[in-house]
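Trainee: Sequence and computational prediction follow.
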Amino acid sequence: MATARLPLSAATVLLLLFCWTSPGVSVAQDPQSPPEPEPAETAETDAAETDGESPARRGRRNGNGIKPYDTVITDEAESDAGVFTVHRLDDKVFYEIPEAELGREFLWVSQIARTTEGVGHGGQALGNRVVKWERHGDRILLKSVSYALVADAERPIARAVEAANNDTIIRAFDIEALSEAGAPVIDVTTLFSREVPEFSARSRLQARGFARDRSFVESVTAFPENIEVKTTHTYTVPPPSSSQNRSRTPSRRRGMRPGSATVLLHYSMVKLPENPMQPRLFDERVGYFSVRQIDYGRDEHRSPRRRYITRWRLEKQDPDAAVSDPVKPITYWIDPATPTRWVPYIKQGVEAWRPAFEAAGFSNAIVAREAPTPDEDPDWSPEDARYSVIRWLPSTVQNASGPHVHDPRTGEILETDIQFHHNV
């Protein structure tokens, strides 16, 4: 006997989704000091010749390929100052990295912003990882950092953990020039116009090849805490051989069909909190997502696998008040692609959580807002890792999901994208 499928309202689905990422209240702890950047290697010169000379000019004297700043970043360059200064010159992209940002950790978030029909959907996450930029002589290294193994830095075993958890070098860049303040300038064009395994969509699309001649950087925008990059990548799948055609069961293949698919990828590089949140241990009796670490710094001389819940950082504006507004409320932006008729119900579903937060001591803890128009905020983007967005997907799947991005050190949720498939 067939059973009827009961329809769920948008507000009801949102209530269920928020149960999966139930927020918590947290306090901050002291940050770990970032590693000191290595000093630049410079050629020995007579002190009288270099006295008072800027790093930008002194680059000419180094026998190491570092050029004067104004020969690399010319008057034709379009510059955008932020956490790094970004320069666009013809089809090239340069990063000017302040010395204070070398060695500092960022979260790199990769997403598919737009895709070819039948190959995933816009807003699909590709992954995220912690990265840092370090100077090594006349080169800048982009490194991937893992927090899977940890230990108290004050304990001797921290050396062994560091030796077993070495940072991976993703890419190395020659220093092209130095700014007046000594900031290294590097050409990062190929980091985005070519395929880098750590940030690639190839496996997600199940593609075989990468078409370099049909891939390029669309835009790069710098903000005080993050850099947003959009790049077009084209992938290919060769047609199957005759033997493969005979052996393959129809409709079994997933991912790209034979031919080409062009996708718009969005990369967000966001500075991690300078004051890491106090982590909270996972309890199997409560349904939270969690982050895992193996902690070798425990007194019991064993290496337990620690699990910390992923949660929002909520802090009272007035710590002494029984109920207070938070310093930073949880804010969800409603995708402008959302059908107009459902917008008020989605907003209602988000803010229906307010009484629960008030019982925990927070007023106005969670809000829903409609996304600004391009005229209101031309820099706003649903892929920007600073914004939590409720996305509406043109998909026949009868489902919704709520993936999030968190700080792997502590489990702090930094942003989340709730995804409504059209047939939900």
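Mentor: Alright, I've got the coordinates.

Trainee: hey, what's V389 bridged with?
Mentor: W333, D417 (DSSP bridges).

Trainee: if I look at it, how far off is S381?
Mentor: Distance, V389 to S381, by C-beta to C-beta, to the nearest Å: 9 Å. For glycine as for every other residue, the C-beta is placed from the backbone atoms N, C-alpha and C.

Trainee: go on, L142?
Mentor: L142 is 23 Å from S381, by C-beta to C-beta.

Trainee: Between the two, point out the one with more neighbours.
Mentor: Ranked by neighbour count (other C-beta atoms under 10 Å), L142 and S381 place L142 first, with 22 against 19.

Trainee: That one: which element?
Mentor: Per DSSP states H and E: L142 is located in strand 139-145.

Trainee: pLDDT of whichever helix or strand comes after that strand, averaged?
Mentor: Downstream of strand 139-145, the first helix or strand assigned by DSSP H and E is strand 149-150. Across strand 149-150, pLDDT averages out at 76.

Trainee: how distant is strand 149-150 from the center of its chain?
Mentor: Strand 149-150 has its average C-alpha position 21 Å from the chain's average C-alpha position, going by C-alpha atoms, centre = their mean, to the nearest Å.

Trainee: So what are the sheet partners of it and their directions?
Mentor: In the sheet, strand 149-150 lines up with strand 290-295 (parallel) (DSSP bridges).

Trainee: Can you give the distance of the partner strand from its chain's centre?
Mentor: On C-alpha atoms, centre = their mean, the centre of strand 290-295 falls 20 Å from that of its chain.

Trainee: Please apply the same query to stretch 215-232.
Mentor: 12 Å.

Trainee: Equivalent analysis for stretch 201-221, please.
Mentor: The gap between where stretch 201-221 is centred and where its chain is centred comes out at 18 Å by C-alpha atoms, centre = their mean.

Trainee: how long is that stretch from one end to the other?
Mentor: 21 Å (C-alpha to C-alpha, to the nearest Å).

Trainee: Ok, stretch 318-338 next?
Mentor: Length of stretch 318-338, first residue to last, C-alpha to C-alpha: 36 Å.

Trainee: Tell me the buried residues in that stretch?
Mentor: Using 16 or more other C-beta atoms under 10 Å as the test for burial, stretch 318-338 gives S324, P326, I330, Y332, W333, I334, D335, T338.

Trainee: Same check on stretch 257-269?
Mentor: A261, V263, L264, L265, H266, Y267, S268, M269.

Trainee: so which of these comes closest to Y345?
Mentor: Nearest to Y345 among the buried residues of stretch 257-269 is H266, at 27.8 Å by C-beta to C-beta.

Trainee: tell me the contacts of that closest one?
Mentor: Applying C-beta atoms under 8 Å, 6 or more residues apart in numbering, we find H266 in contact with S110, Q111, I112, A113, E228, V229, K230, S381, E383.

Trainee: at 10 Å instead, please
Mentor: Applying C-beta atoms under 10 Å, 6 or more residues apart in numbering, we find H266 in contact with 109-114, 122-123, 126, 218-219, 228-231, 381-385.
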